[in-house]
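Peer 1: need a 3D model of the sequence below.
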Amino acid sequence: MSESQPYFYNPNMSSEYLEDWLDKQRLHVTYFNKLKHERAALEQRLSEIDVILDNFKHEFEGKLSFPWEPSPHLKYHQNGTK
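Peer 2: As a prediction, the model looks like this:
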């Protein structure tokens with residue numbers, strides 16, 4: 001190969017075709033990398049959500065959300081007296 005000729009990976013490609021092919025490859029690689037980053041971010045967020053859900057699961061076991069002392073008005077309604 002002489003030094004005056006440009007070096008191509010595939011000598012059968014024209015320079016315009018090679019530039020188009022390289023642009024397409026660049027776009028595909030950029031899109032692929034973007035998807036990989038988004039997937040990693042989503043997996044990170046899902047792991048954070050799993051930790052939060054596990055914490056809520058343990059906090060609510062066996063606990064009541066009612067006051068420990070009933071209302072005095074409720075006592076009258078249960079006995080039937082006023």
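Peer 1: wait, residue 21 sits on residue 13?
Peer 2: Yes. Using CB atoms under 8 Å, residue 21 is in contact with residue 13, at 7.0 Å. The C-beta positions use only the backbone N, C-alpha and C, and glycine is treated the same way.
Peer 1: three-state assignment of residue 28?
Peer 2: When classified by DSSP: H, G, I helix; E, B strand; the rest coil, residue 28 comes out as helix.
Peer 1: can you give me the helices for the chain?
Peer 2: 15-59, 72-79 (DSSP state H).
Peer 1: can you list these in a markdown table and add mean pLDDT and mean neighbour count?
Peer 2: Output for these, formatted as a markdown table (pLDDT from 0 to 100; neighbours: other CB atoms under 10 Å):
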| stretch | mean pLDDT | mean neighbour count |
| --- | --- | --- |
| helix 15-59 | 92 | 10 |
| helix 72-79 | 61 | 9 |
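Peer 1: extract the CA atoms of stretch 38-45 and return them as CSV.
Peer 2: Presented in CSV, the C-alpha positions along stretch 38-45 are these (Å, rounded to 0.1, in the frame of the first residue of the first chain):
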residue,chain,number,x,y,z
GLU,A,38,-29.9,3.8,32.6
ARG,A,39,-30.1,0.1,33.5
ALA,A,40,-27.4,0.5,36.2
ALA,A,41,-29.3,3.5,37.7
LEU,A,42,-32.6,1.6,37.7
GLU,A,43,-31.0,-1.4,39.3
GLN,A,44,-29.5,0.9,42.0
ARG,A,45,-32.9,2.5,42.6
